[in-house]
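Trainee: Quick one, fold the following:
(one chain, ligands or ions: 1)
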Amino acid sequence: MEREIHLDPTFKMARQQFDTVADMLEIHDGERDQLILPKRAISISIPIHREDGSITVFQGYRVQHHLALGPTKGGTRFTPSLTLGESAALAVWMSWKCALASLPYGGAKGGVAVDPRSLTSVELQRISRRYMLEMIPFVGPQTDIMGPDLGTNEQIMAWFMDAYSSHSGKSVAEIVTGKPAALGGCAGRREATGRGVTFLVERAFSHMQINPQGRTAIVQGFGNVGSVTACGLAYRTGMKIIGISDQAVAIYNPKGIDVAMADRYAAEHNKSLAGFSGGEVIDPEELLTLPCDVLIPAAIERVITASNAGKLQCRILAEAANGPTTPEADAILDQRREEIFIIPDILCNVGGVVVSYFEWVQDMQNFLWTNTEVVDRLCRILESAFSAVVRRAKERGISHRNSALSIGIERVQAAKRLRGLFP
Ligand code: GLU
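Mentor: Predicted coordinates for the structure are as follows:
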């Protein structure tokens, strides 16, 4: 297991980011492993009956990073390339992210190595239920709470909740967040991450004293986060979305893409933009380096690399995805600090887990907040995290990423020091 985690390129990246900040914070070697290595890493086999009568065994994972601040929290993704090491990296990032927003959680992440679009809906339900059944000994509303991530949605969260509840003999809504509203889901959870990205992009513009109206944005990734962000920036902020992409295709239109139409198109075409006629089809790699005011990677890890970081032509890089920028790219972007304002991932996409936290709190207390209450509370947390990150970066002359990471890491370190070796 140790090798599987340490050799994974995404985990190496999380470790490298951590070591940079640990050097800055003068964290001694003996404490480093204790801070970064996951508390628990679970790897499971998930056999399911296919509709054609055959049996397939899928691989599933869950990594729980630390328990120093409360239970662990984090998404469950269904993507073909998922590994234990990638889950560990994502769990570590969840920890720094939750601590940055002062949420009482450690980080977790996991999921199944599968392309959900290759399954029938019956098979998807079988995988979802079986995954949760295998995880029952390791999760719980006070131990580890799952939420949505790439390739999962409200329906899958409902199956998770039902599988756990059937085993408990009572409804346990607080075992998972991102559920449908009818099952105790929180108002605005589906839109929360994209809404947070939109808020923070507007906040970055106001910080730079630039009016966002009519400015341009390119969004890589058109899943839940990318599409909600694109619509928010177009219809709320008044920006022009000139590029969008997904796994299948990249589309460019300097006059502005009708993103509501793109959203409807993807919903009607198996979540794919392939064949959408709202612009010219271009090379997905080229999309990232076209001139724009805001570039938003909203898909997967490690897309801004040493080979394209020097060519970015944006004013703001808003990292809606987890880990989109490699440390090598970061070193290049650090030289361009005056040109490009980075909203680092653990700040930029924190809105999702913040509203998940609201959902967990409401479920435990049988409470129902209105959408206005949710958005208002979310914006207050985002505002204070944004100000803290920008303030520390300025005071210490460090990048926004190192500022955000150092705030999160320091809070976890403080809790661990107060408690001792267990969590
Ligand atoms: N997938 C979300 C993230 O990466 C969080 C999931 C949750 O709400 O637990 O931040």
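Trainee: So for the residue of the stretch 301-423 of the chain found nearest the ligand, what's the nearest residue that isn't a sequence neighbour?
Mentor: Taking C-beta to the nearest ligand atom as the measure, the point where the stretch 301-423 of the chain comes nearest the ligand is residue 356, at 3.1 Å. Quick note: C-beta positions are derived from backbone N, CA and C, even for glycine. Beyond its immediate neighbours in the sequence, the residue positioned closest to residue 356 (C-beta to C-beta, 6 or more residues apart in numbering) is residue 177, lying 3.7 Å away.
Trainee: and the one you found, what does it touch?
Mentor: For residue 177, the contacting residues are 73, 145-148, 157, 185-186, 189, 355-357, 359-360, taking C-beta atoms under 8 Å, 6 or more residues apart in numbering as the criterion.
Trainee: And the contacts of stretch 94-103?
Mentor: Contacts of stretch 94-103 with the rest of the structure, by C-beta under 8 Å, 6+ apart, involve 65-66, 69, 72-75, 104-109, 345-347, 349-350, 353-354, 357, 381, 385, 388-389, 404-405, 407-409, 411-412.
Trainee: who in the stretch 51-200 of the chain is up against the ligand?
Mentor: If contacts are counted using C-beta under 6 Å from any ligand atom, the residues of the stretch 51-200 of the chain sitting beside the ligand are 73-75, 147-149, 177-178.
Trainee: Apply 5 Å and report the result again.
Mentor: Counting by C-beta under 5 Å from any ligand atom, the stretch 51-200 of the chain comes close to the ligand at 73-75, 147, 149.
Trainee: Which parts of the stretch 1-150 of the chain are strands?
Mentor: Listed in chain order, the strands of the stretch 1-150 of the chain (DSSP state E, counting those that start in this stretch) span 40-49, 55-64, 72-78, 106-112, 144-148.
Trainee: between the shortest one and strand 106-112, how many degrees?
Mentor: Following axes from the mean of the first three to the mean of the last three C-alpha atoms, to 10 degrees, one obtains 60 degrees for the angle between strand 144-148 and strand 106-112.
Trainee: Please name every helix or strand in contact with strand 144-148.
Mentor: Contacts of strand 144-148 with other secondary structure elements, assessed using 3 or more C-beta pairs under 8 Å, 6 or more residues apart in numbering; DSSP states H and E, are made with strand 72-78, strand 106-112, helix 154-168, helix 351-365.
Trainee: phi, psi of the closest residue to residue 311 other than its chain neighbours?
Mentor: Once flanking residues are discounted, residue 311 sits nearest to residue 289: 4.2 Å by C-beta to C-beta, 6+ apart. With angles defined as degrees, to the nearest 10, residue 289 sits at phi -110, psi 10.
Trainee: How much space separates residue 289 from residue 241?
Mentor: Residue 289 sits at a distance of 17 Å from residue 241 (criterion: C-beta to C-beta, to the nearest Å).
Trainee: between those two, who's got more neighbours?
Mentor: Per other C-beta atoms under 10 Å, whichever of residue 289 and residue 241 has more neighbours is residue 241, with 27 against 17.
Trainee: thinking that one is in contact with residue 227, fair?
Mentor: No - using C-beta atoms under 8 Å, residue 241 makes no contact with residue 227, being 10.4 Å away.
Trainee: what's the burial count for the nearest residue to residue 412 once chain neighbours are set aside?
Mentor: Counting by C-beta to C-beta, 6+ apart, residue 99 is the residue found nearest to residue 412 once chain neighbours are left out, at 5.2 Å. Neighbourhood size, residue 99 [other C-beta under 10 Å]: 27.
Trainee: Against the ligand, how distant is the residue nearest to residue 421 when sequence neighbours are not counted?
Mentor: Excluding the flanking residues, the one nearest residue 421 by C-beta to C-beta, 6+ apart is residue 34, at 7.5 Å. Distance check for residue 34 against the ligand: by C-beta to the nearest ligand atom, to the nearest Å, it reads 24 Å.
Trainee: what about residue 34, how many residues close to it?
Mentor: Each residue near residue 34 was counted by other C-beta under 10 Å, and the total is 13.
Trainee: show me the contacts for the closest residue to the ligand within the stretch 101-250 of the chain.
Mentor: For the stretch 101-250 of the chain, the residue closest to the ligand is residue 147, as judged by C-beta to the nearest ligand atom, at 2.5 Å. With contact taken as C-beta under 8 Å, 6+ apart, residue 147 is in contact with 73-76, 157, 176-178, 352-353, 356.
Trainee: switch to 6 Å and redo it
Mentor: If you count contacts by C-beta atoms under 6 Å, 6 or more residues apart in numbering, residue 147 has them with 75, 177-178, 356.
Trainee: closest to residue 127 among those?
Mentor: Taking C-beta to C-beta as the measure, residue 127 sits nearest to residue 75 out of the contacts of residue 147, at 16.0 Å.
Trainee: ok, the closest residue to the closest one other than its chain neighbours - contacts?
Mentor: In space, residue 75 comes closest to residue 149 once its chain neighbours are excluded; the distance is 2.7 Å by C-beta to C-beta, 6+ apart. The neighbours of residue 149, taking C-beta under 6 Å, 6+ apart as the test, are 75-77.
Trainee: repeat that with 7 Å
Mentor: By C-beta atoms under 7 Å, 6 or more residues apart in numbering, the residues touching residue 149 are 75-77, 111.
Trainee: Look up phi and psi at residue 243.
Mentor: Backbone phi and psi, for residue 243 under degrees, to the nearest 10, turn out to be phi -150, psi 140.
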